[in-house]
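> Quick one: sequence plus predicted model below, questions after.
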Amino acid sequence: MEERGGGAGDFRKNTVDRLLRLNFRDGRTRVNAEAQLLVGELLKVFVRAAARAARQAQAEDLKKVDTEQVEKVLPQLLLDF
């Protein structure tokens, strides 16, 4: 199992690195640790928003998450900071 220490948020460094490299045209492009950390933190926020929106949809007895549920959880995300 890969070590998470010093990783990007709660994501493994390798996972964040691969996600970043999916959009690079030049395979030799390098990503420093600070960029990986920043992208990892952004991923953590997006995943948290998606999970909260899914819970909101479940509370409303819906089977799909719509923009209304995402809009309802956005103030909660702002309070996390």
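Yes, it's here.
> what about Glu60, distance to Gly40?
Distance, Glu60 to Gly40, by C-beta to C-beta, to the nearest Å: 31 Å. Quick note: C-beta positions are derived from backbone N, CA and C, even for glycine.
> just so I have it, where are all the helices in the chain?
Listed in chain order, the helices of the chain (DSSP state H) span 13-21, 33-59, 67-79.
> What is the neighbour count of Ala51?
For Ala51, the neighbour count with other C-beta atoms under 10 Å is 11.
> okay, Glu60 and Gly40: which has more neighbours?
Gly40 (21 against 11).
> Isn't the more buried one up against Asn14?
No: Gly40 lies out of contact with Asn14 (C-beta atoms under 8 Å); the separation is 11.2 Å.
> Extract the residue ranges of this protein that are flagged as low pLDDT.
1-9, 81 (pLDDT under 70).
> if we go to 80?
1-10, 27, 80-81 (pLDDT under 80).
> quick one on the thing from earlier: reformat the helices of the chain as JSON lines; add distance to Gly27.
Below are the helices of the chain laid out as JSON lines (distance: least, C-beta to C-beta, whole Å):
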{"stretch": "helix 13-21", "distance to Gly27": "8"}
{"stretch": "helix 33-59", "distance to Gly27": "17"}
{"stretch": "helix 67-79", "distance to Gly27": "35"}
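> Find the centremost residue of the protein, please.
Leu43 (1.8 Å; C-alpha atoms, centre = their mean).
> is it true that that one touches Phe11?
Yes: in this structure Leu43 lies within contact range of Phe11 using C-beta under 8 Å: 5.7 Å.
> Could you give me the buried positions within stretch 56-64?
Using 16 or more other C-beta atoms under 10 Å as the test for burial, stretch 56-64 gives Gln56, Ala57.
> Now tell me what touches that stretch from outside.
Val65, Asp66, Gln69, Lys72, Val73 (C-beta atoms under 8 Å, 6 or more residues apart in numbering).
> cool, and stretch 44-52?
Residues outside stretch 44-52 that contact it (C-beta under 8 Å, 6+ apart) are Gly9, Asp10, Phe11, Val65, Val70, Val73, Leu74, Gln76, Leu77, Asp80.
> List the contacts of the last one.
Pointing back at Asp80 there. Arg48.
> and it, how far is that from Leu43?
15 Å.
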